[in-house]
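J.: coords below, sequence missing:
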């Protein structure tokens, strides 16, 4: 059984079998669909062709355009021309209504659409009357814009689509109608001038074909039982999955099914399910360009420029797999992951000019190669240098393509579009036909958008304009194919006549849409100008008619659905009026209301099928089984099927034991493998020891497994230097200043040395600015003032210390001869050996910020701290081993000075922390070094932890908020478990318990 549209078309083909027949369609793909359906239903046809109104106009006027060298414009060109006109009129102060409205993307598009619509309905500028507008100035402005647009087309020998139709009408008047039969579907939405052209070309040979009746009273009964049904679902993803389950349950062939959508948000859902479940798909309107590599690359490039060439954005783009990185005119590809790694290591951060740092990085690899004696190691650094040099060449070439904004951050729009197209061609990886079409289409659209633009725009606005321009571009548009599920917009559903139709998205918010008026041309103004102009208030009714006509044309099963819950906004959604109408038809009762419909629909489709329906994948099967019936030995079945869950279950069960296991951090190791008292290859540092005391588990991840967090310069608009970088800067300022003062044999005086310390600060601040770019001048100036403030505090505190003599600065030990030379010959090349009880010892290396000599000949050791005194200003000596550095450095200083002098009675009286910052208020917190027994006890506890492999998480979450590994250990759970184990009295944690008792 065929519908009225097909039967009418078949009758015409039967009556005129050999005569050429022209079927007027909205698109060639729609015509292809209809002709395919006709052939399938009635066994074929002869000499039937499909044509659009644009195609007909081209046939009539194409030769004239060629002879007179007139160019047909695309919609992209039209918009650009309108923007040019708007900006010129505004600059010439010729606009009154639109003069104070910036030529934003939305306004330009709205005016361009209005101009195009007026011309499409045959309305010229001379027919516009300003009194027809609610605001006279608006009428004058629109008339002026339309007039300038008309003049521009004539002067530049351009013609738009409405102009093409008008030209075809003029030419067709003098053309005798041919013998062709023209077939026009009655429901086709045409403008008056399009209808006039068809009537003129067809003459008496025009055949009108109708679709099925739409009125309630004329509606026939359902063709078969259950031929029409409705359902609702919990979210659009479950709505689509419910359809796929129905197709599977009813054993329908995919190429017998069409899914019509009312909202484009269904396309990515269906597409992603097709990829995951492995079925073939055709999309009548095509896929969003963001589904292709070129689309994603363009979005990444725009974001990269928007974020001031932020390296993290570029790095993410490189590792996405969508990019091919090559030097210009070179076939050799630079591996994307290598480029991403080197860019991260470079410290560029952001800023176009800072990419030159790559040249410095390349040179640094060459310098390192010279210091390596091993040939293979030397080759490695040389190869890295060569790769970084290629990356630098490639990046400089790309950056040179992108125009530099002026002082007001404005760029030439034409230059920007041209450069973006060039960069896209060079970077985008093309792997399939959709990628090829996307690249070609994006380049064409971007280039066209700026081809006639002479104006300049703010960079961010220009990039946003290009994003909006390309966001609606589609690729892979296809007619239905054998073996493929077909999806189509409800607007084009009437042309597709498969026996099984599903319509999704029939909620009240989505369909039939709002009756919103055009922001430029109001409905009242439209009615006054021309009663044929479409009104915004009638749009919902037109949408309902379009869908109703499509549904009336169905022959087979129809399933209508909507998502009754918005999972993003966490709210209920109600059905569209059309579902109520369908329900009334099903029950043959026009008095039914929404409450009856809701009761009829029942429970929503959700994450698994109801009533033992087939499942789409494993996840649905497990959820279905778990909810509908108890699974015998279900836990064991899950473990057998999913090894990761099984391993996690084993770990969870082990963590319920009273004794710690490897899942808590108890690592089985050889005795002495990690214990520095036994393994003399191990050289410890005070920071490592304090890290171990803070959390053995974090120590295991960092220093045993070598799991270091990624370090890269990140963008923070409110901060320049992080705490670590700021601390290093202040350390360098204080060190360099004190060395210069000491070399002059002077005592610090604030008035005398203020200029000196500020000069040093300015020099080092400049160096740090090169290494780490500030986000803006305001933040930079603020942090520089803070550094100056710290310098003032430092001067004041140093001036007050009359009885001490600074002796050593940046004192290294254990870092080799180069470190000693750099420090001026002080320090030790080798690590020092600290003796513990029972003839044991361990090796230690480090750098001591400062050593002062007291008036009594003893020494004081200081470590600069650039934060607050919190956690340091109590009376605890070692703070459970977390502040043991002062004691270790006291040992080290005594050993270093003894090795450098003949004195043997060297004594460090105090060692502590110095806070020359605003937060620290210049305080010094010394720790008396008379209790060495407690230090040795703490060290033995810590090394016992290493020796036994007891890397349990800390039971004290004091520093969890600044730990890099909380996502790995899930610190709230890990700390709670550690507290239980420590309280349980298990012997393996005895060293930790003893450590916790040390103050």
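T.: Perfect, I can see it now. Just so it is clear, the model here is predicted, and its values are computed rather than measured.
J.: could you use CA atoms for every contact and neighbour count after this?
T.: OK.
J.: residue contacts, the closest residue to residue 380 other than its chain neighbours?
T.: Using C-alpha to C-alpha, 6 or more residues apart in numbering and skipping residues adjacent in sequence, the residue nearest residue 380 is residue 369, 7.9 Å away. For residue 369, the contacting residues are 377-382, by C-alpha atoms under 8 Å, 6 or more residues apart in numbering.
J.: ok, now residue 238?
T.: Neighbours of residue 238 in contact, by C-alpha under 8 Å, 6+ apart: 605-607.
J.: part of a helix, is it?
T.: Yes. Judged by DSSP: H, G, I helix; E, B strand; the rest coil, residue 238 forms part of a helix.
J.: elements contacting the lengthiest strand in the chain?
T.: Counting by DSSP state E, the longest strand found in the chain is strand 841-853. Secondary-structure packing of strand 841-853 (3 or more C-alpha pairs under 8 Å, 6 or more residues apart in numbering; DSSP states H and E): strand 683-685, helix 686-694, strand 805-813, strand 832-835, strand 859-864.
J.: how does it look with 7 Å?
T.: Under the contact criterion of 3 or more C-alpha pairs under 7 Å, 6 or more residues apart in numbering; DSSP states H and E, strand 841-853 touches strand 683-685, strand 805-813, strand 832-835, strand 859-864.
J.: for stretch 640-654, what is the average pLDDT?
T.: Across stretch 640-654, pLDDT averages out at 89.
J.: in that stretch, what counts as buried?
T.: 646, 654 (16 or more other C-alpha atoms under 10 Å).
J.: swap in stretch 503-510?
T.: By 16+ other C-alpha under 10 Å, the buried positions in stretch 503-510 come out as 503-508.
J.: now, the residues you listed that are in strands?
T.: Of the buried residues of stretch 503-510, the ones assigned to strands by DSSP E are 503-504.
J.: rebuild the buried residues of stretch 503-510 as JSON lines, extending it with pLDDT.
T.: What follows is those, written out as JSON lines (pLDDT from 0 to 100):
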{"residue": "503", "pLDDT": "98"}
{"residue": "504", "pLDDT": "98"}
{"residue": "505", "pLDDT": "97"}
{"residue": "506", "pLDDT": "97"}
{"residue": "507", "pLDDT": "96"}
{"residue": "508", "pLDDT": "95"}
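J.: which of the buried residues of stretch 503-510 sit farthest apart?
T.: 503 and 508 (14.0 Å; C-alpha to C-alpha).
J.: quick one, domains of this protein?
T.: The chain breaks down into these domains under automatic domain parsing: 4-66+169-209, 74-159, 228-286+478-601, 290-475, 661-711+939-996.
J.: quick one on the thing from earlier: give me the contacts around the longest strand of the chain.
T.: Contacting residues not belonging to strand 841-853 are listed as 676-677, 683-685, 804-814, 831-835, 859-864, 889 [C-alpha atoms under 7 Å, 6 or more residues apart in numbering].
J.: tell me the buried residues within the residues you listed.
T.: 676-677, 683-685, 804-814, 831-834, 859-864, 889.
J.: could you pull out the helices for the stretch 151-300 of the chain?
T.: Secondary structure of the stretch 151-300 of the chain (DSSP state H, counting those that start in this stretch): helices at 161-173, 192-202, 236-249, 266-277, 293-306.
J.: closest to residue 335 out of these?
T.: Using C-alpha to C-alpha, the nearest of those to residue 335 is helix 293-306, at 16.3 Å.
J.: wait, residue 667 sits on residue 949?
T.: Yes. Counting by C-alpha atoms under 7 Å, residue 667 sits close enough to residue 949 to count as a contact (4.9 Å).
J.: neighbour-wise, which of those two wins?
T.: residue 949 (25 against 17; other C-alpha atoms under 10 Å).
J.: for the more buried one, what are its contacts?
T.: Going by C-alpha under 7 Å, 6+ apart, the list of residues near residue 949 reads 666-669.
J.: could you do residue 606 as well?
T.: Counted by C-alpha under 7 Å, 6+ apart, residue 606 has contacts 233-234, 238.
J.: confidence score at it?
T.: 91.
J.: got the angle for whichever helix or strand residue 910 is part of vs strand 841-853?
T.: Assigned by DSSP states H and E, residue 910 belongs to strand 908-915. Calculated by axes from the mean of the first three to the mean of the last three C-alpha atoms, to 10 degrees, strand 908-915 forms an angle of 80 degrees with strand 841-853.
J.: who's in contact with strand 908-915?
T.: Against strand 908-915 from outside (C-alpha under 7 Å, 6+ apart): 858-866, 886-887, 890, 894, 921-929.
J.: got a winner among the contacts of residue 949 for most neighbours?
T.: Neighbour-wise, these (other C-alpha under 10 Å) top out at residue 666, 20 neighbours.
J.: which residues does that one bridge with?
T.: Beta bridges link residue 666 to residue 950 when assigned by DSSP bridges.
J.: done for today, thanks.
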